[in-house]
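*Asks:* sequence plus the predicted model coming up.
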Amino acid sequence: MSSKHSPNIQTFKLFTIFVAICLISFICLITFYLISSVLLPVIISFTLYALFEPATLYLVRHNFNHSLSILIVLVILMIASFLAIGFALPALFDQVALLQSKLPQIASQLENFLTQYAAQLSSQFGIDINVSEITVSLLSQSSSVGQSALINVSNRLLNIIVIFILVPFLTYFLLKDFKRVRNNLMNWLPNSSFELGWVIYHNVSTQLNAYTRGVMLQSLIMAIVCAIGFSIIGLDIPVLLGFITGILNLVPYIGPVISIILSLLVGAAMTPFDPSILYLSVLVIIGAQIIDNVIVIPAVIANAVNLHPVQVILGIIIIGSLFGTLGVILAVPAIAVGKIVYNNLYADILNASRKSA
Amino acid sequence: MSNIFWSNIFKSGDSELQTITRLWQQTPLFEGIPQRQTEFLCAKMHLRLFKTDEVIFNLGDQGAGAILVLEGSVRIKASTTELALLELGDFFGEIALAATERRTADAIAVSPTRLVFFLKQDLEEWIEHEPRLGGRFLMNLSATLAQRLYQANELIAQQ
């Protein structure tokens, strides 16, 4: 190493790099926060890019032109989406309507259930709970949530249309030019950080690709397993519940708990009321979770993110409170990326300081 | 200045990409890989310029790939011992293509040097395009690493 780099200068350089990284991260966070409304199409496009890049590569390997391969994949994807919307959406809407018609029944079953337990609590421990007050407040809250959801959906109709137009374009250009743009951007790195930058990019992209593909497949499997399970036990709206369970599975730990509560509410609203359906619906979700943990996760997401449950839950709470629903879904990959970047930079700074010592 | 009558007219059309392709093809890593495929891969590689005495990497740094000397020269050293002086067409750092190990020596540019970085990322993306040739490349890479190990063992035995 050149003698002009004294230990003090090295330490100062490292400190400057560290401060610069902190500043860049802070600016990224603020920017993400400010543009979070337009972040959704970008994230969907990147997810589609990760999912469908192997398919375009497959066509390129079989002597198709790159642009043509992308077009073929996107056309197939759009036809599949339209078919899915055409066939599945009416069925889903029917089930939503069914759920809506059952909401008063769910409320009355909940009230009965709470009244029984309140009576027990009152007789055994002397605790008095005003059940009707609780249910009235719950009902008014749920109806206001429902109304605001409807208003939100109508307000966001324009956003949804923009997403439908923007996503195919963005995905096309990502599949076509992402690697070229990435290489040009990475070439801006100074010589001293060039290799480190690529190592970090390699680790992040490998993990994110594995995570995205794995988690999508995992959710699909969960949705199918739960829908079949709910149909077998005779629970109402099995397809909608399976679909929701699949989506909720994107949120680790918390998602399955919400799925159980939802299936319990639907089970409680069934007439005639059968308590065994409640146990069976919980068993279906636990069974699906066992299949998920024993078969799907080891086979599909074996080398994806390796995070401690506490990190995941804290991340979901913090990122979720900053970015809402999108933040809850993106919390796990965001923490995984942060962890990789931190580990690599820390190792590099440690090595550099050891050399300068 | 080259004489247009006596100089090789074919060589004069040799673009930088063709030079890089030719140099990589002369290495054992690209033995048996067709020229068209090597050129396709070389078009994705990264050219970097280093000043005299500039550190290319340090012992213990994380390596992203193999490096070819396109111009100038590079000194490889471990602490104070000079291990090699690499010049046009020589390559080094190929361990990083196979494993996520750290660099095992220091590399410093002796003069203004242009280097071609062949990154693990590029290799993996190429293998997805060309799995059969990728397999051939990986066989070449393991043979090269085995050769390096054999040479290192011989050096240790001599000392």
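*Replies:* Arrived safely, thanks for sending. Predicted model only: the values in this text are computed from it and were never measured.
*Asks:* could you check how many residues crowd around residue 101?
*Replies:* Since you didn't name a chain, this refers to chain A. Around A:Ser101 there are 10 other residues, counting by other Cβ atoms under 10 Å in any protein chain shown. To be clear about C-beta, it is placed using only N, CA and C from the backbone, and glycine gets the same treatment.
*Asks:* my bad, the chain I had in mind was chain B
*Replies:* Around B:Glu101 there are 10 residues (other Cβ under 10 Å).
*Asks:* contact partners for it?
*Replies:* Residues counted as contacts of B:Glu101 (Cβ atoms under 8 Å, 6 or more residues apart in numbering or on different chains) are B:Gly63, B:Ile95.
*Asks:* phi, psi for it please.
*Replies:* Main-chain torsions, B:Glu101, degrees, to the nearest 10: phi -80, psi 160.
*Asks:* helix, strand, or coil at B:Leu115?
*Replies:* What DSSP: H, G, I helix; E, B strand; the rest coil gives for B:Leu115 is strand.
*Asks:* now A:Phe64
*Replies:* Using three-state DSSP, the structure places A:Phe64 in coil.
*Asks:* how about A:Val332, what does it touch?
*Replies:* For A:Val332, the contact set (Cβ under 8 Å, 6+ apart) comprises A:Tyr211, A:Pro252, A:Val305, A:Leu307, A:Val312, A:Gly315, A:Ile316.
*Asks:* next, find the distance separating A:Ile285 from A:Val266.
*Replies:* 12 Å (Cβ to Cβ, to the nearest Å).
*Asks:* what's the neighbour count on residue 21?
*Replies:* By default, I'm working from chain A. By other Cβ under 10 Å, the residues close to A:Ile21 number 14.
*Asks:* my bad, chain B
*Replies:* Counted by other Cβ under 10 Å, the residues lying close to B:Thr21 total 23.
*Asks:* hmm, it is touching B:Phe40, no?
*Replies:* No - under the criterion of Cβ atoms under 8 Å, B:Thr21 makes no contact with B:Phe40, lying 9.2 Å away.
*Asks:* quick check: A:Leu170 touching A:Ser45?
*Replies:* Yes - at 3.7 Å, A:Leu170 counts as touching A:Ser45 under the criterion of Cβ under 8 Å.
*Asks:* so between these two, which is more surrounded?
*Replies:* More neighbours surround A:Ser45 than the other of A:Leu170 and A:Ser45, with 22 against 18 (other Cβ under 10 Å).
*Asks:* so how far is B:Thr52 from that one?
*Replies:* Remark: distance between A:Ser45 and B:Thr52 (Cβ to Cβ) = 45 Å.
*Asks:* now swap in A:Gly324 and tell me
*Replies:* Distance of A:Gly324 to B:Thr52, computed by Cβ to Cβ: 54 Å.
*Asks:* what about the contacts of A:Val332, which are in strands?
*Replies:* Counting by DSSP state E, none of the members of the contacts of A:Val332 fall within strands.
*Asks:* tell me the one among those nearest to A:Asn159.
*Replies:* Nearest to A:Asn159, judged by Cβ to Cβ, of the contacts of A:Val332 is A:Ile316 at 24.0 Å.
*Asks:* now the helices for the chain?
*Replies:* Chain wasn't specified; assuming chain A. A:7-34, A:36-61, A:66-125, A:131-155, A:157-186, A:191-233, A:238-248, A:254-268, A:275-291, A:297-300, A:309-356 (DSSP state H).
*Asks:* you looked at the wrong chain, it should be chain B
*Replies:* Counting by DSSP H, the helices of chain B are B:9-12, B:16-25, B:35-42, B:95-98, B:120-129, B:131-158.
*Asks:* quick check: mean pLDDT across the last one?
*Replies:* This means helix B:131-158. Average pLDDT, helix B:131-158: 89.
*Asks:* what's the angle from it to helix B:120-129?
*Replies:* 140 degrees (axes from the mean of the first three to the mean of the last three Cα atoms, to 10 degrees).
*Asks:* show me what counts as buried in helix B:131-158.
*Replies:* Buried residues in helix B:131-158, counting neighbours by 16 or more other Cβ atoms under 10 Å in any protein chain shown, are found at B:Leu133, B:Gly134, B:Arg136, B:Phe137, B:Asn140, B:Leu141, B:Thr144.
*Asks:* for it, packing partners?
*Replies:* The contact analysis (3 or more Cβ pairs under 8 Å, 6 or more residues apart in numbering or on different chains; DSSP states H and E) places helix B:131-158 against helix B:95-98, helix B:120-129.
*Asks:* likewise for the fourth one?
*Replies:* Under the contact criterion of 3+ Cβ pairs under 8 Å, 6+ apart, helix B:95-98 touches strand B:65-71, helix B:120-129, helix B:131-158.
*Asks:* next, the angle helix B:35-42 makes with the last one.
*Replies:* In this structure, helix B:131-158 runs at an angle of 80 degrees to helix B:35-42, with the same axes, to 10 degrees as the basis.
*Asks:* any idea how far helix B:131-158 is from the middle of the chain?
*Replies:* Remark: helix B:131-158 is offset 14 Å from the chain centroid, using Cα atoms, centre = their mean, to the nearest Å.
*Asks:* picking up where we left off before, mind giving me the ChimeraX command for buried ones among the contacts of A:Val332?
*Replies:* Buried members of these, defined by 16+ other Cβ under 10 Å, are picked up in ChimeraX with:
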select /A:211,252,305,312,315,316
